[in-house]
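Novice: Give me the fold of what follows.
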Amino acid sequence: MTPELNPLPAGFTARPLSLDDVQICFELFNTASQHLSGDLDIADPEILRNDWQDPKFNPQTNARLVFAPNGDLAGYVEVWDTGTPPVHPWVWMAVHPRYEWQGLEEILLAWGEARAALALERVPDGVRFAPRVGFVSLDTKRRSLVEAHGFQYTRSFYRMEVVFQEPPQVPPAPQGITIRSYNPETELEAVVQTMVDSFRDHYGFVERPFEEEMTSFRHHFLGDPLYDPNLWFVAMDGDEMAGICLCRRDGYEKPELGFVNELGVRREWRRRGIAEALLRTSFAAFAALGKQGAALGVDASSLTGATRLYEKAGMHPARQFDNFEKELRPGKEISTQTL
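Specialist: Coordinates of the predicted model:
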């Protein structure tokens, strides 16, 4: 049974999310983000709509909006428990600066934790279960709050960026490798399988049934408002796909930058310069579109050393996000932790 948000401050009300809330949530998320760091949280409201239409995300049960007595959207919380199994449900929330620290943060976090805990019944016996939260590292008050609720710091993630000072140059592909554009007519399954194989070695990876992976991929990637197959690149070793670089024209927070959504190389083809060649191919494509630079997200302690590659390509951390988790049931950890 979905928990309720209570006790709310006097005059405040709450209700479930609907797709009609895209604009007011878009404004709230950006106002809260700009107040804290000066950066947008997201530049296109249609990205929110696409996320909320995920086949496994139910707006009625997975999110709550809190309104002030004057009708302002004061707070928001959502829970993503869409994994199979959902061993690490994700809790995310935002509060309007005008209503900060009126108790809303604690109420939202408590609801998020209670809602995330419902996913435990879908996790096999003996498997560790630990909901996670995350936020920009500048938010020291949020850190104090989650730690007071028993969440412990686990890891940081960067938004890395580069501004092109000169036209990006594409290095020659490694010997035996061809880098070319993706063929959307014939290569969708190969791209998804390459992504799965590449990310097995990334912290937090939990493998799920391939058909489920395909369904999620079609929704979030092909359904992206800015999906452009001309910005997807593959590295081929003969008929085998060794790596992928899947990009979108505009950055999520900064439309003037191109964005690298996924960059991955299968284990047996690593350390041959394929990832760098794919990355620099994307830079050249962004520049040809008139973009000022590029951005991507990365685990700050990447198990595969991705941050070193990005630094070599001239990128630097522009924002840091810190993740925390709270173990609600000990057991076997089935997500990737180390190599």
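Novice: residues in contact with the closest residue to P59 other than its chain neighbours?
Specialist: Closest residue to P59 apart from its sequence neighbours, by C-beta to C-beta, 6 or more residues apart in numbering: L17 at 4.0 Å. Any C-beta I mention is one placed from the backbone N, CA and C, and that applies to glycine too. For L17, the contacting residues are C25, W52, P59, Q60, N62, A63, R64, L65, Y76, E78, by C-beta atoms under 8 Å, 6 or more residues apart in numbering.
Novice: residues near the first one, how many?
Specialist: Spelled out, it's C25. 21 (other C-beta atoms under 10 Å).
Novice: Give me the phi and psi angles of R132.
Specialist: R132 adopts backbone torsions of phi -130, psi 150, taken as degrees, to the nearest 10.
Novice: Check whether it really touches E327, as I assumed.
Specialist: No: counting by C-beta atoms under 8 Å, R132 does not reach E327; the two are 10.5 Å apart.
Novice: Which residue of the two possesses the greater neighbour count?
Specialist: Just comparing R132 and E327: by other C-beta under 10 Å the higher neighbour count belongs to R132, 21 against 14.
Novice: is the more buried one in a bridge, and if so with what?
Specialist: W90, E325 (DSSP bridges).
Novice: Kindly provide the distance from it to Y76.
Specialist: Distance of R132 to Y76, given as C-beta to C-beta, to the nearest Å: 18 Å.
Novice: Please point out which parts of whichever strand or helix holds N50 sit buried.
Specialist: When secondary structure is defined by DSSP states H and E, N50 falls within helix 45-52. The neighbour-count check on helix 45-52 (16 or more other C-beta atoms under 10 Å) flags P45, I47, L48, R49, N50, D51, W52 as buried.
Novice: again with stretch 53-62
Specialist: Neighbour-count burial for stretch 53-62 [16+ other C-beta under 10 Å]: D54, F57, P59, T61, N62.
Novice: what sits against the third one?
Specialist: In this case it means P59. P59 touches P16, L17, S18, L19, W52, counting by C-beta under 8 Å, 6+ apart.
Novice: Which ones among the residues you listed map onto strands?
Specialist: Under the assignment DSSP state E, the contacts of P59 contribute P16 to strands.
Novice: between the contacts of P59, which is closest to G243?
Specialist: Nearest to G243 among those: W52, at 31.1 Å, using C-beta to C-beta.
Novice: is it true that the closest one touches C25?
Specialist: No: using C-beta under 8 Å, W52 is not in contact with C25, being 9.0 Å away.
Novice: Excluding chain neighbours, what is closest to R270?
Specialist: T304 (7.2 Å).
Novice: Which secondary structure state is assigned to the one you found?
Specialist: When classified by DSSP: H, G, I helix; E, B strand; the rest coil, T304 comes out as coil.
Novice: Now do it against P167, distance only.
Specialist: Counting by C-beta to C-beta, the gap from T304 to P167 is 28 Å.
Novice: what helix or strand is L279 on?
Specialist: Here L279 is assigned to helix 274-288, by DSSP H and E.
Novice: Give the other helices and strands that that helix contacts.
Specialist: strand 178-181, strand 232-237, strand 240-248, strand 257-265, strand 293-299, helix 306-312 (3 or more C-beta pairs under 8 Å, 6 or more residues apart in numbering; DSSP states H and E).
Novice: Quick one: mean pLDDT for that helix?
Specialist: Taken as a whole, helix 274-288 has a mean pLDDT of 97.
Novice: residues making contact with that helix?
Specialist: By C-beta under 8 Å, 6+ apart, helix 274-288 touches 162, 164, 167-174, 177, 179, 230-231, 233, 235, 242-245, 247, 249, 257-258, 260, 263-265, 293-294, 306, 309-310, 312-313.
Novice: What's the ChimeraX syntax to select whichever of those residues are buried?
Specialist: Those of the contacts of helix 274-288 that count as buried under 16+ other C-beta under 10 Å are selected in ChimeraX with:
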select :162,164,168,173,174,177,179,231,233,235,242,243,244,245,247,249,257,258,260,263,264,265,293,294,306,309,310,313
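Novice: I'd like to know how many residues surround R319.
Specialist: Neighbours around R319, by other C-beta under 10 Å: 18.
Novice: Now it: closest residue in space that isn't a chain neighbour?
Specialist: R159 is the one closest to R319 (C-beta to C-beta, 6+ apart), at 4.2 Å.
Novice: residues contacting the one you found?
Specialist: By C-beta under 8 Å, 6+ apart, the neighbours of R159 are E253, A295, L296, G297, P317, A318, R319, Q320, F321.
Novice: Now restrict these to buried residues only.
Specialist: Here the buried ones among those, as counted with 16+ other C-beta under 10 Å, turn out to be E253, A295, L296, P317, A318, R319, F321.
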